[in-house]
Each structure stands twice: as C-alpha cells, then as structure tokens.
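Visitor: from the sequence below, what's the structure:
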Amino acid sequence: MNVDAALGVRGDVLPRGALVLVTDTVETSAEFVVSHFLRRALAASDAARAAADAADGGGGGGEWKTCLVTSERCVAHHANAMRKWGRNLRADVKDGKLVVVDAHDSTPGWATTRARGGDGDGDGDAVIDESSPAKDVYEQIARALGLNDGAGDEDGGASSSSSSSSAAAASRVVVFDGVDAIAEAEESLERRRGRRGDRTRAPVTSRGRVHAMVRSLLAHDSGVAVVALAHADAAGGEAIESGGWLRRLTSDADVVARVEALPSGVASDVHGLITATHRTGRMLPPPGDGDGDAARAGEASARFRLTELGAELTRVIRSRAVAADATA
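Guide: Numbering: from 1, shown residues only. Take a look at the predicted model:
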C-alpha cells in the first residue's frame, strides 16, 4: 500500500489551489510523506510533457513545474532520498521540471543588522533589516515559477481567483520541507523589532505573514498547489492558538496528514501512525474507489514502517466519521 492509498487521497495530479498540510513530531518524522508528494508532482510533470510531445511533436508541457523550498534540509539530502525511489533531482532541475528555492541562503538577510552613525567598526544604532522572511521566500518562489503579480494581503487575505473553485489540475506545485523555519525567522525578527521599539509601520505579526505566503501562492490564477510540512510539537503555543499560523494553515488545508508515534511507543515492525483528515473532499478519489470510500467512512489511517526503499504501510480505519464536504 502506498501513501495515497493509506491516506485515501486521489492518486493523480493535485487540484489547483489545493493545500496538503503534513504535520509530524520530533520523534516521528513525516519526511517520507513530503518526499512522496514531491515525487508525485514530478511524475505529473513527466506525464504532461509526454502528452504534449505526443500531441504536437515536442516542446509542450513546460509550464508544469515543481518548486522545492528547502528551509530545513539541503537539496543534496532530498536528492539522496529521492534517488532511492528512482528519481534524479539533478536531471529534473536540468530539464526544467524542478526549481529549488534554498531558504537557507536568505536566512542571514532576514535578521541582520547594519551600523548607522558609527565609525565603520559596528558602533552606532543597529537598524533591523525591514525585509520579511515569508515575503522573501514568496518572491523567490514567484520568480522561480514565473508567477504573475498579485500576492494578496500581508495579514493573510488573498484576492479571490479561479484556484478556489476550479477542479483543474495544478500545473505548479510548491513543496515546503518545513515552514517552521520561516515562522521562526519571522518571530525572531519581530522580537528584535520589538526590543528596539520599532513603531514606524503598523506591525504584521509573524503568524499573519506565514499564512499569507501560502495563501498568496494558492490564490494565483497560474494554477498552484502547495504541500507544506510543519512540526506540530515544536511549533510553539502561539502557532496553534486562534490566529496562529499553524492553526490558520490547518483551517485552510484540503487534507491534513498527521504523522505520530504509536501510543504504545515504537515497535520493531511499526514506527508510527499516519492519519489523514479530509476537510473539503477535493482530494478524495471518485466514489467507488476502495481507498476513497474508506476515507469517507472514517478517518483514514495507516501504521507504517520505514525501510531503505521507503515506507511500508498497513491500513487502519478509525471510527470517527470524516465529512467529505466539511469546511471547518
């Protein structure tokens, strides 16, 4: 059983405007789920280009791209993981199917200081760089994917677009290997601004910026879907409170996939439990599909064991009903 079947999600392309939120804990990593959706997005690009080649003799399908945003792991780590599954990320980059936004490179610019009125040796008043980590990352993604303008509000609001209602496939998929690092950078910058009493502009909290970054990507008419990993137990209390960035992303998600340790602890043949909550039904397979029907009947769950070649999963059905058309 693969991840799609275990979660009861459709196995084809992601719908445009879809948000898949993956959460894990420090002791039980969900990296294999992120890798699965990255591989899925790249496979969709392969299929689109092959179909275009068959239709017009080549040169089509180039708008199908995947953007991997690395803020916790380096791209070499992801390349090694994907190589085990037969995917060559270096070749994907060369072919234009994959673009990588390395958020590590931007980290120093998010919270650096520069001297003002000193003698050049660092004396003088420190002035915090006014850039926003989430905004910086958003702009890098937009450039990498060639998205049009229209980023939405900084407080999380985004202009309405066809992405919210269209069932068409997303030709661009953005995969975050950890939005926590971006949220932490925002919070660090906000604390430093607070210490220096910066009141030069109306503050937009870090919780608003991270949410706005994702919402703005989903609002594009270009057809974008997002897969984002967050560490639920390390995000902090503010993140899960009302208005917190993780709470907001959970409310917006079409599917929330939670990876957790077994209540009884790690066993020799089982490393954890993965559970999917379908909040909108957009990611469910059509009626009559066994995996989709199981997800409709209850919360789709599976025990998993990690191996060198990926995760081995065994389906478990919980009794709590999941409404396919739920929006809250």
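
Visitor: for the helix or strand residue 5 falls within, packing partners?
Guide: Residue 5 belongs to helix 3-7 when assigned by DSSP states H and E. Under the contact definition 3 or more CB pairs under 8 Å, 6 or more residues apart in numbering; DSSP states H and E, helix 3-7 sits against helix 31-56, strand 272-278, helix 290-297, strand 300-307, strand 310-317. For every residue, glycine as well, the C-beta is placed using N, CA and C.

Visitor: what about dumping the CA coordinates of it to PDB?
Guide: The C-alpha trace of helix 3-7 is given here as PDB (Å, rounded to 0.1, in the frame of the first residue of the first chain):
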ATOM      1  CA  VAL A   3       0.900   6.700   0.800                       C
ATOM      2  CA  ASP A   4      -2.000   7.800  -1.400                       C
ATOM      3  CA  ALA A   5      -3.900   4.600  -0.700                       C
ATOM      4  CA  ALA A   6      -3.200   4.800   3.000                       C
ATOM      5  CA  LEU A   7      -4.500   8.400   3.200                       C
END
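
Visitor: can you report phi and psi for residue 171?
Guide: phi -90, psi -10 (degrees, to the nearest 10).

Visitor: still on that earlier bit, weakest of the helices and strands packed on helix 3-7 by average pLDDT?
Guide: Mean pLDDT values for these show the minimum at helix 290-297, a mean of 55.

Visitor: buried sites along stretch 35-44?
Guide: Using 16 or more other CB atoms under 10 Å as the test for burial, stretch 35-44 gives 35-42, 44.

Visitor: please apply the same query to stretch 264-273.
Guide: Those would be 270-273, for stretch 264-273 by 16+ other CB under 10 Å.

Visitor: buried set for stretch 66-82?
Guide: Result for stretch 66-82 [16+ other CB under 10 Å]: buried residues 66-73, 75, 78-79, 81-82.

Visitor: same question, stretch 308-319
Guide: 310-313, 315-316.

Visitor: what's across from residue 15 in the sheet?
Guide: According to DSSP bridges, the partner residues bridging residue 15 are residue 169.

Visitor: that one contacts residue 169, doesn't it?
Guide: Yes - Residue 15 is within contact range of residue 169, at 6.7 Å (criterion: CB atoms under 8 Å).

Visitor: and for residue 4, the neighbour number?
Guide: Using other CB atoms under 10 Å, residue 4 has 18 neighbouring residues.

Visitor: name the residues that touch stretch 173-180?
Guide: 14, 31, 34, 37-38, 41, 44, 65-73, 78, 141, 145, 182, 210, 214, 217, 224-231, 234-235, 245, 249 (CB atoms under 8 Å, 6 or more residues apart in numbering).

Visitor: same deal with stretch 260-276?
Guide: So stretch 260-276 is contacted by 3, 6-9, 24-25, 27-28, 30, 33, 255-259, 295, 299-306, 313, 316, 318 (CB under 8 Å, 6+ apart).

Visitor: which one of the buried residues of stretch 308-319 is nearest residue 190?
Guide: residue 311 (37.0 Å; CB to CB).

Visitor: could you measure from the most centrally placed residue in the chain over to residue 315?
Guide: Nearest to the geometric centre of the chain sits residue 228, at 1.7 Å (CA atoms, centre = their mean). Taking CB to CB, to the nearest Å as the measure, residue 228 falls 25 Å from residue 315.

Visitor: average model confidence for the host helix or strand of residue 258?
Guide: Per DSSP H and E: residue 258 is located in strand 255-260. Strand 255-260 comes out with an average pLDDT of 93.

Visitor: circling back: from the buried residues of stretch 308-319, pick the one nearest residue 88.
Guide: residue 310 (16.4 Å).

Visitor: distance of that closest one from residue 68?
Guide: Distance from residue 310 to residue 68, by CB to CB: 18 Å.

Visitor: next one: residue 170
Guide: Distance from residue 170 to residue 68, by CB to CB: 15 Å.

Visitor: do you have the helices of the stretch 101-250 of the chain handy? List them.
Guide: 103-110, 133-145, 180-195, 206-218, 237-240, 245-252 (DSSP state H, counting those that start in this stretch).
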